[in-house]
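**Q** coords below, sequence missing:
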């Protein structure tokens, strides 16, 4: 696929000889020829396809994301997600902007105009919410993206802990020492293989663009504790003392649930329905850490500060109806994490929403058989999964009749009572498949598709940017940012729409 390669690829001898072998009479055209095909013909078809797909969705959630590299280059994106009438999850990239400048004011204008300048028509009444990441959040406000909020919690907790920062600096000195000396690195490998008879491990370098790089670096140092200790006996190298080794180990245990949560939220299929449950699990984990690690002032202080940041930055989720409704309409969770007040808010909102949402009619599209692979068989010793399962196991299913003043809507209240009475499904099951197979709840289908359309995070730009380094290389060679942006849009949507635009 040409979009995965630089234009230099089609000019290389390997590709030229390959084409000659396939079709000797074909002449390789200049870059401008292929650029025109991609950015005019194929891009136009892609635009038409995206417009059609948006039209098929009753409700969509928009996500804005920005990622910048270390050379002033970046990617600004606008994506959308929605659930079709046959309960298939759809994710589309609506706009990409390849950036190659460092002007803060110009970047601010691009972010401000991202949604208003969208070429694809998106009716306002279809937009359920807009999820902004940290870089595209409104001035003075926190990001809507749960991943970036949690990353901010970790960042602030680390910044407030001078002792932990000093320990991180020590580990960085060790990592840098071996990165700068092949002889030292070879000797460390010799110690692992010959003296300790172990498979050699590698040290993880610090990367300022990775949110958890400092913790990953410290963990890699801890894994090589024995080899590093032997190395220090022979050579002059910064020493890590016994109590510091303990603190590195405890720090990894505190961070493990945070890293697992961010990994779950970063999955494109994870919706806002998982935010309240995972925040509750994180809260329980950190409270346990504060109690269990009291012997370590450094780590106990870090866990306590992280808990404080979590409470502050996620305080809104128990009053924001978007999170409450999404959690309730996920048959894996329902009311398991709600107080009575929150249960009442949800019951009232359901009745209010159903008053303005037309009921599904004309039947449902033919159901497709989908093979669902359960992750329960994959034992990865996830700490956050264990905590979450424990909460759900000890919780009880609330089967109380929704108590509202809307007596004329008793039929809907009875339906909610029936839904509340059903046991929660396994956490590894797909909630959309459950809804699609329970047609007795057809009256709720409209709001289910609306509230479960919102993803937990907006992090698409980072992955696309890292996979598109060749396009930025082409930009430095003369490719216009406009053409690069169109190619990024096609690249991000190609896997989804390949069968529809041929």
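**A** That came in fine, so what should we check first? What you see is a predicted model, and the numbers here were worked out from it, not measured in a lab.

**Q** is it true that residue 485 lies in a helix?
**A** Yes - under DSSP: H, G, I helix; E, B strand; the rest coil, residue 485 sits within a helix.

**Q** Tell me how many other residues crowd it.
**A** 22 (other C-beta atoms under 10 Å). To be clear about C-beta, it is placed using only N, CA and C from the backbone, and glycine gets the same treatment.

**Q** tell me the contacts of it?
**A** Applying C-beta atoms under 8 Å, 6 or more residues apart in numbering, we find residue 485 in contact with 96-98.

**Q** Okay, it and residue 458: tell me how far apart.
**A** The gap separating residue 485 from residue 458 is 18 Å, by C-beta to C-beta, to the nearest Å.

**Q** Same check on residue 164?
**A** For residue 164 relative to residue 458 (C-beta to C-beta), the value is 29 Å.

**Q** hang on, the earlier thing: which of the contacts of residue 485 fall within strands?
**A** Applying DSSP state E to the contacts of residue 485, the entries found in strands are 96-98.

**Q** Residue 192: which of the residues you listed is nearest?
**A** residue 98 (43.2 Å; C-beta to C-beta).

**Q** nearest residue to the closest one other than its sequence neighbours?
**A** Once flanking residues are discounted, residue 98 sits nearest to residue 484: 3.9 Å by C-beta to C-beta, 6 or more residues apart in numbering.

**Q** Let's test this: mean pLDDT of the strand or helix carrying residue 215, rounded?
**A** Secondary structure assigned from DSSP states H and E places residue 215 in helix 213-223. If you average the pLDDT over helix 213-223, you get 97.

**Q** who does it touch, helix- and strand-wise?
**A** helix 162-180, helix 242-266 (3 or more C-beta pairs under 8 Å, 6 or more residues apart in numbering; DSSP states H and E).

**Q** again, only this time at 10 Å
**A** Packing partners of helix 213-223 (3 or more C-beta pairs under 10 Å, 6 or more residues apart in numbering; DSSP states H and E): helix 146-159, helix 162-180, helix 242-266.

**Q** about what we covered before: just send the contacts of residue 485 back as TSV, with distance to residue 208 and pLDDT too.
**A** Output for these, formatted as TSV (distance: C-beta to C-beta, whole Å; pLDDT from 0 to 100):
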residue	distance to residue 208	pLDDT
96	24	94
97	24	93
98	22	93
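
**Q** and which of the residues you listed is nearest residue 115?
**A** residue 97 (12.2 Å).

**Q** And what about the closest residue to the closest one other than its chain neighbours, helix, strand or coil?
**A** Sequence neighbours aside, residue 76 is the residue nearest to residue 97 in space, at 4.2 Å (criterion: C-beta to C-beta, 6+ apart). Look at residue 76: counting by three-state DSSP, its state is strand.

**Q** Tell me which residues touch residue 470, please.
**A** Counting by C-beta atoms under 10 Å, 6 or more residues apart in numbering, residue 470 touches 3-9, 487.

**Q** Next, the buried residues of whichever strand or helix holds residue 309.
**A** Assigned by DSSP H and E, residue 309 belongs to helix 297-313. Neighbour counts using 16 or more other C-beta atoms under 10 Å place 298-307, 309-310, 313 of helix 297-313 among the buried residues.

**Q** before we move on, the earlier item: please work out which of the helices and strands packed on helix 213-223 is packed deepest.
**A** helix 146-159 (a mean of 21; mean count of other C-beta atoms under 10 Å).

**Q** In terms of secondary structure, what does that one contact?
**A** strand 127-132, helix 162-180, helix 213-223, helix 242-266, helix 275-292, helix 297-313.
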